[in-house]
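In: got a structure for you, letters missing:
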């Protein structure tokens, strides 16, 4: 998919506040042409899946009590649809099997943008400078070269460990640097950290 293509995203969530808030964020994502559809009921979901399947369905795993991803894919022949879980509360990890990705209420706009990019496989040559790190990625890289664990980074930045791991994967992909030493040198050269903070690790 090209970055200028329209991405049809449906959001299935009974809470109007959560639903409208996420849709507002999706519409403000830079470099994406997003068309959104609100789904607040099981009937609305059924109509959506039968009449015009979205490219992406973002759904609360507790929608209608418990949302069965595999059953939905089979029932509506929706194997090309990407399913993203919308995490609003503590959810058993077993409920997330079958989803392509997760969005947490505490994810910032950079994180949501990067997760969508991975889901829709936006062509990197149309994303601008694919090697440029987002502000959040710079923060995380700085933490990494200081020797912080994923859990420590997540706690400091108020994001999930899963989000930290996703950012780290994106950082190495963008920079094409996979060694700790290489990442440290990049961080120092680009003034993301002071050399005194990492000199013991070189």
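Out: Received it, and whenever you're ready, just let me know what you need. Since this is a predicted model, take the numbers as computed values, not measurements.

In: per-domain residue ranges of this structure.
Out: Domain assignment for the chain by automatic domain parsing gives 6-108+118-125, 135-201.

In: Please dump those into TSV; it should also carry mean pLDDT for every row.
Out: Listed next are these as TSV, based on pLDDT from 0 to 100:
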stretch	mean pLDDT
domain 6-108+118-125	87
domain 135-201	85
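
In: Mean neighbour count added to those, as CSV?
Out: (Glycine included, C-beta is placed from N, CA and C.) Converted to CSV, the domains of the chain look like this (neighbours: other Cβ atoms under 10 Å):
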stretch, mean neighbour count
domain 6-108+118-125, 16
domain 135-201, 16
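
In: which other helices and strands contact the helix or strand hosting residue 137?
Out: Take DSSP states H and E as the rule and residue 137 turns out to sit in helix 135-145. Applying 3 or more Cβ pairs under 8 Å, 6 or more residues apart in numbering; DSSP states H and E, one finds that helix 135-145 makes contact with helix 109-120, helix 150-157, helix 161-175, helix 180-189.

In: ok, 6 Å please
Out: Counting contacts by 3 or more Cβ pairs under 6 Å, 6 or more residues apart in numbering; DSSP states H and E, helix 135-145 is packed against helix 161-175, helix 180-189.

In: quick one, the longest one and helix 180-189 angle?
Out: Between the axes of helix 161-175 and helix 180-189, defined by axes from the mean of the first three to the mean of the last three Cα atoms, to 10 degrees, the angle is 80 degrees.

In: when you compare where helix 161-175 runs with where helix 150-157 runs, what's the angle?
Out: Going by the same axes, to 10 degrees, helix 161-175 makes 100 degrees with helix 150-157.

In: The last one too?
Out: If you take the same axes, to 10 degrees, helix 180-189 sits at 20 degrees to helix 150-157.

In: Toward the C-terminus, what is the element adjacent to helix 180-189?
Out: Note on helix 180-189: by DSSP H and E, the next helix or strand toward the C-terminus is helix 195-198.

In: Please determine how far the residue nearest to the spatial centre of the chain is located from residue 163.
Out: In the chain, the centroid-proximal residue (Cα atoms, centre = their mean) is residue 115; its distance is 2.6 Å. As judged by Cβ to Cβ, to the nearest Å, residue 115 and residue 163 stand 8 Å apart.

In: before we move on, what about residue 97?
Out: Distance from residue 97 to residue 163, by Cβ to Cβ: 19 Å.

In: does residue 58 count as helix, strand or coil?
Out: strand (DSSP: H, G, I helix; E, B strand; the rest coil).

In: partners of it in the sheet?
Out: According to DSSP bridges, the residues that bridge with residue 58 are residue 11, residue 84.

In: excluding its backbone neighbours, what's nearest residue 158?
Out: Among residues not flanking residue 158 along the chain, residue 106 sits closest, at 6.2 Å (Cβ to Cβ, 6 or more residues apart in numbering).
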